[in-house]
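Participant: no sequence on this one, just coordinates:
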């Protein structure tokens with residue numbers, strides 16, 4: 001009987017010792033959804049990591065980030081994935097994230113990126129989407145969009161949407177500070193609605209409720225490749241593009257630091273970049289071949305003028321948001 005107990009105990013210790021470690025990744029809903037990149041990435045990563053990769057999803061990246069700040073050092077998260085460059089200042093001030101050992105030499109972005117803490121995994125360029133069969137003379141600049149009252153416009157609330165926040169940055173990069181409020185007021189005259197998020201606003205555009213809607217340069221590719229519809233196009237503004245660069249970072253409190261670094265490096269692999277790009281309908285951050293249409297458009301965006309908004313501080317964005325709110329209230 002005593003020998004059986006020893007054997008059973010040894011088996012228990014062996015099972016515990018060789019149990020696969022769990023890597024908890026906080027992200028947003030669409031990334032972890034059945035149609036998002038999450039499930040395919042999980043399957044691919046687990047083939048080599050000898051671990052259990054778990055995506056824990058939140059409504060959006062801002063909700064995720066706020067949860068991390070609330071949990072602090074007690075968070076179960078090993079990696080946070082899905083916030084963009086507009087939150088980097090707040091992320092740094094939170095002191096929740098650790099420097100990684102990821103090799104960034106393969107990055108190919110429209111702007112230089114040296115940050116070892118926040119690892120880019122995809123990027124997009126904001127644009128207004130229109131139907132070529134209905135709008136034959138699209139605006140060629142942001143200023144033209146603002147001035148043309150014949151255009152019915154829909155965009156997203158910069159308080160609740162990262163896409164709407166992109167327009168907030170765009171307006172403040174193009175217009176002098178003493179002219180921004182007047183520009184918002186001009187745009188308001190022919191704005192159909194300012195929606196809470198991208199899904200509802202883009203849906204309204206597809207129903208014909210506006211001539212243009214704020215989205216991404218890649219949006220027409222979704223219609224072309226998934227619906228075989230080629231009537232949708234994206235504006236190209238003379239003033240230059242504003243980018244959204246999505247990043248991932250490991251938590252200082254994580255007990256799986258080495259595994260977290262392995263996952264962050266994995267996100268830059270050709271296989272992972274293809275999955276992320278096609279599922280998120282965004283551009284790869286490396287030179288990995290994705291699909292001819294994606295690759296061609298990506299090269300075009302890389303060659304165009306880019307407005308660098310990575311240096312915009314939280315206080316600046318907060319002040320710009322107040323200007324927007326006051327302009328729309330008048």
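Facilitator: Perfect, I can see it now. Keep in mind that what you see is a predicted model, and the values were worked out from it rather than measured.

Participant: Give me the residues contacting stretch 279-297.
Facilitator: Contact with stretch 279-297 is made by 30-31, 35-37, 40, 106-109, 120-125, 216-219, 221-222, 224-225, 245-246, 268, 270, 273-274, 276-278, 298, 301, as judged by CB atoms under 8 Å, 6 or more residues apart in numbering. (Each C-beta comes from the backbone N, C-alpha and C, glycine too.)

Participant: in it, what's buried?
Facilitator: Residues 279-286, 288, 290, 294-295, 297 are the ones in stretch 279-297 that count as buried (16 or more other CB atoms under 10 Å).

Participant: Now, those residues that are in helices?
Facilitator: Residues of those located in helices (DSSP state H): 279-280, 294-295, 297.

Participant: possible to save the residues you listed as CSV with pLDDT and distance to residue 258?
Facilitator: Putting these into CSV (pLDDT from 0 to 100; distance: CB to CB, whole Å) gives the following:
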residue, pLDDT, distance to residue 258
279, 94, 27
280, 93, 27
294, 94, 32
295, 95, 33
297, 95, 36
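
Participant: Residue 74: which of the residues you listed is nearest?
Facilitator: Using CB to CB, the shortest approach to residue 74 within these belongs to residue 280, at 30.1 Å.

Participant: which residues touch the residue nearest the centre of the chain?
Facilitator: Per CA atoms, centre = their mean, the C-alpha nearest to the average position across the chain is that of residue 246, at 3.9 Å. Residues in contact with residue 246 (CB under 8 Å, 6+ apart) are 81-84, 120-123, 280, 282.

Participant: Next: residue 81.
Facilitator: Listed by CB under 8 Å, 6+ apart, the contact partners of residue 81 are 25-27, 31, 121, 246-248, 267.

Participant: can we see that at 10 Å?
Facilitator: Residue 81 makes contact with 25-28, 31-32, 38, 41, 55, 61, 64, 119, 121, 246-249, 263-264, 267, according to CB atoms under 10 Å, 6 or more residues apart in numbering.

Participant: what secondary structure does it sit in?
Facilitator: Following DSSP: H, G, I helix; E, B strand; the rest coil, we place residue 81 in the strand state.

Participant: Okay, and the beta partners of it?
Facilitator: Beta-bridge pairing for residue 81 (DSSP bridges): residue 248.

Participant: cool, residue 131 as well?
Facilitator: Residues in a beta bridge with residue 131, per DSSP bridges, are residue 232.

Participant: one step back: taking the contacts of residue 81 one by one, which sit in strands?
Facilitator: Secondary structure defined by DSSP state E assigns 25-28, 55, 119, 121, 246-249 of those to strands.

Participant: want to try a markdown table for those residues, with distance to residue 147 and pLDDT as columns?
Facilitator: Converted to a markdown table, the ones in strands among the contacts of residue 81 look like this (distance: CB to CB, whole Å; pLDDT from 0 to 100):
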| residue | distance to residue 147 | pLDDT |
| --- | --- | --- |
| 25 | 44 | 98 |
| 26 | 42 | 97 |
| 27 | 39 | 95 |
| 28 | 35 | 91 |
| 55 | 44 | 97 |
| 119 | 40 | 98 |
| 121 | 37 | 98 |
| 246 | 32 | 95 |
| 247 | 35 | 97 |
| 248 | 40 | 98 |
| 249 | 41 | 98 |
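
Participant: now, among those residues, which is nearest to residue 171?
Facilitator: Nearest to residue 171, judged by CB to CB, of the ones in strands among the contacts of residue 81 is residue 246 at 21.8 Å.

Participant: Please pull out the lowest mean pLDDT helix or strand from this protein.
Facilitator: Lowest on mean pLDDT, DSSP states H and E among the helices and strands of the chain sits helix 2-17, with a mean of 45.

Participant: Quick one: low-confidence residue ranges for the stretch 201-330 of the chain.
Facilitator: For the stretch 201-330 of the chain, applying pLDDT under 70 flags no range at all.

Participant: all helices of it, in order?
Facilitator: With helices called from DSSP state H, counting those that start in this stretch, the stretch 201-330 of the chain shows them at 219-227, 257-266, 270-280, 292-303, 314-329.

Participant: out of the ones you listed, nearest to residue 90?
Facilitator: Between the helices of the stretch 201-330 of the chain, helix 314-329 lies closest to residue 90; by CB to CB that is 5.8 Å.

Participant: Show me which parts of that closest one are buried, residue by residue.
Facilitator: Neighbour counts over helix 314-329 (16+ other CB under 10 Å) mark 317, 320, 323-324, 327 as buried.

Participant: cool, stretch 209-219 as well?
Facilitator: 210-219.

Participant: Ok, stretch 172-181 next?
Facilitator: Within stretch 172-181, the residues that count as buried by 16+ other CB under 10 Å are 172, 174-175, 180-181.

Participant: Return the closest of the residues you listed with respect to residue 241.
Facilitator: Nearest member of the buried residues of stretch 172-181 to residue 241, counting by CB to CB, is residue 174, at 11.4 Å.
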